[in-house]
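Trainee: this one's sequence-less:
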C-alpha cells in the first residue's frame with residue numbers, strides 16, 4: 001500500500017494534479033449536481049443511458065469518476081487510483097462519443113461534433129500522475145511518509 005501511495009515528490013506534479021482535478025470537478029459537478037449549467041444526476045443519467053445507450057452502472061461510474069475522482073486529485077488522495085479511473089473513463093468517452101468526429105475540437109462549429117484532442121491531454125496528464133503519484137503537496141505523500 002505504501003508503494004501505491006509513494007510519489008516522486010515534485011511540485012510540478014502537484015500543480016498538474018490540482019489543475020486536472022479542478023477542470024474535471026467542473027464537469028463532474030455539472031453531471032452530479034447540475035452546477036455550471038449542467039443537467040444534474042437525473043438529466044445526465046437520462047442522456048448517458050438513453051442517447052449514448054450506456055448501461056446504468058457505466059453511466060453511474062462516469063459521474064462518480066468525474067466528480068469524486070476530481071476531488072481525490074485535488075486533495076492528492078489515492079492519486080494513482082483516480083488517474084487510472086480517469087484514463088479508462090476518457091478512453092471510453094473517446095471511443096463512444098468523439099472518435100468519429102476526428103482529432104480537433106469543433107472551434108468553428110463546422111464539424112458534426114467535438115474531436116478528441118482535449119481527451120488526449122486529460123489522458124496524458126492522468127498517465128503522468130499514474131506514473132509519478134500525487135506530488136509533494138498531496139495526502140498520498142503525507143500518508144506514505
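Mentor: Looks like it arrived, so ask away. Worth saying up front: this structure is predicted, and the values here are computed from it rather than measured. Numbering: from 1, shown residues only.

Trainee: please name the nearest non-neighbouring residue to residue 68.
Mentor: Nearest in space to residue 68, with sequence neighbours left out and distances taken as CB to CB, 6 or more residues apart in numbering, is residue 28 at 7.4 Å. Yep, even glycine has a C-beta here, placed from its N, CA and C like the rest.

Trainee: in whichever helix or strand residue 17 is part of, what counts as buried?
Mentor: Secondary-structure element containing residue 17, defined by DSSP states H and E: helix 11-33. Within helix 11-33, the residues that qualify as buried by neighbour count (16 or more other CB atoms under 10 Å) are 13-14, 16-18, 20-21, 23-25, 27-32.

Trainee: got it, and stretch 116-134?
Mentor: Counting neighbours by 16+ other CB under 10 Å, one finds that the buried residues in stretch 116-134 are 116, 118-119, 122-123, 125-126, 128-130, 132-134.

Trainee: same deal with stretch 88-103?
Mentor: Within stretch 88-103, the residues that count as buried by 16+ other CB under 10 Å are 89, 90, 92, 93, 94, 98, 101.

Trainee: right, and the helix or strand after the helix or strand that the second one is a member of?
Mentor: It stands for residue 90. Assigned by DSSP H and E, residue 90 belongs to helix 79-93. Counting by DSSP H and E, the next helix or strand C-terminal to helix 79-93 is helix 117-132.
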